[in-house]
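Engineer: Sequence plus the predicted model coming up.
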Amino acid sequence: MRKIGRNKLSGHIVETEAYPPGDQAGHAYSGRTARNQSLFLAAGFAYVYFIYGTSYMLNVSAEAPGVGAGVLLRAIEPIDGIEIMKRLRGTAKVTDLARGPGRLAAALQIDLRLDGVDLCADGPLWLGTAVRDPARILMSPRVGITREVDRPLRFFEAASPFVSRPYPISPPVKNTS
DNA sequence: CGGCTGATGATCT
DNA sequence: GATCATCAGCCGG
């Protein structure tokens, strides 16, 4: 859920990735820094960072204070404020509005000002109470990382057109030619 | 549609 | 100076 002035944006979360304590692929792995300090807050705070010179990523801190872990939000199915999301994203295709973590952040106008926000309190950004049907949630390896690449820590809704990739990533195939 | 590639800047070594 | 939890645009089928 996102509030921008008088406008409300919302969507169902349909894809996430876990970055648990001790995970070498997680930003908290090398200890607390200026950038990643929000991961070390209590569970339920926003960790926002900027990457590739182009994209913001939105995470939710996920462990007790001082531990360092989070969940990356990778896709939502837009519900409220779809016209505003289209303007923020520069596309009219609803399935492309928030399919992927950078697109999700852009569709919700998320930047570093929202880093550290309490997602369980009234404010500009928070988590609603909708629950996805567990029977429809599939797992796969995570996308776009170079360490701990095989851990099945990506969770996504089966057959959803709003998910960044609809099925598990195939393992790399060697070129034998 | 899938595959490839350049863009672009913060962060850390 | 390398890396990076990505994306848009372009190309071929």
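Structural biologist: Received, thanks. Numbering: from 1, shown residues only, chains lettered A, B, ... in the order given.

Engineer: And the strands in chain A?
Structural biologist: Per DSSP state E, chain A carries strands over the ranges A:2-4, A:7-19, A:46-51, A:55-61, A:70-80, A:137-140, A:154-157.

Engineer: Ok, which of those comes nearest A:E148?
Structural biologist: A:E148 lies closest, by CB to CB, to one member of the strands of chain A: strand A:7-19, at 9.3 Å. The way it works is simple: take the backbone N, C-alpha and C, and place the C-beta from them, glycine included.

Engineer: Show me what residue of chain A gets nearest to DNA strand B.
Structural biologist: Nearest to DNA strand B in chain A, going by CB to the nearest atom of the strand, is A:G53, at a distance of 2.6 Å.

Engineer: what about that residue, how many neighbours?
Structural biologist: If you count neighbours by other CB atoms under 10 Å, A:G53 ends up with 5.

Engineer: got a list of what it touches?
Structural biologist: With contact set as CB atoms under 8 Å, 6 or more residues apart in numbering, A:G53 has no partners.

Engineer: Could you export the strands of chain A as CSV, including distance to A:T95?
Structural biologist: Shown next, in CSV, are these (distance: least, CB to CB, whole Å):
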stretch, distance to A:T95
strand A:2-4, 19
strand A:7-19, 11
strand A:46-51, 23
strand A:55-61, 19
strand A:70-80, 9
strand A:137-140, 18
strand A:154-157, 13
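
Engineer: Now render those strands as JSON lines, adding distance to DNA strand B and mean neighbour count.
Structural biologist: Output for the strands of chain A, formatted as JSON lines (distance: least, CB to the nearest atom of the strand, whole Å; neighbours: other CB atoms under 10 Å):
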{"stretch": "strand A:2-4", "distance to DNA strand B": "22", "mean neighbour count": "17"}
{"stretch": "strand A:7-19", "distance to DNA strand B": "15", "mean neighbour count": "21"}
{"stretch": "strand A:46-51", "distance to DNA strand B": "5", "mean neighbour count": "20"}
{"stretch": "strand A:55-61", "distance to DNA strand B": "8", "mean neighbour count": "22"}
{"stretch": "strand A:70-80", "distance to DNA strand B": "14", "mean neighbour count": "22"}
{"stretch": "strand A:137-140", "distance to DNA strand B": "15", "mean neighbour count": "15"}
{"stretch": "strand A:154-157", "distance to DNA strand B": "15", "mean neighbour count": "22"}
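
Engineer: Any chance of the backbone angles for the residue of chain A closest to DNA strand B?
Structural biologist: For A:G53, the backbone dihedrals are phi 70, psi 10 (criterion: degrees, to the nearest 10).
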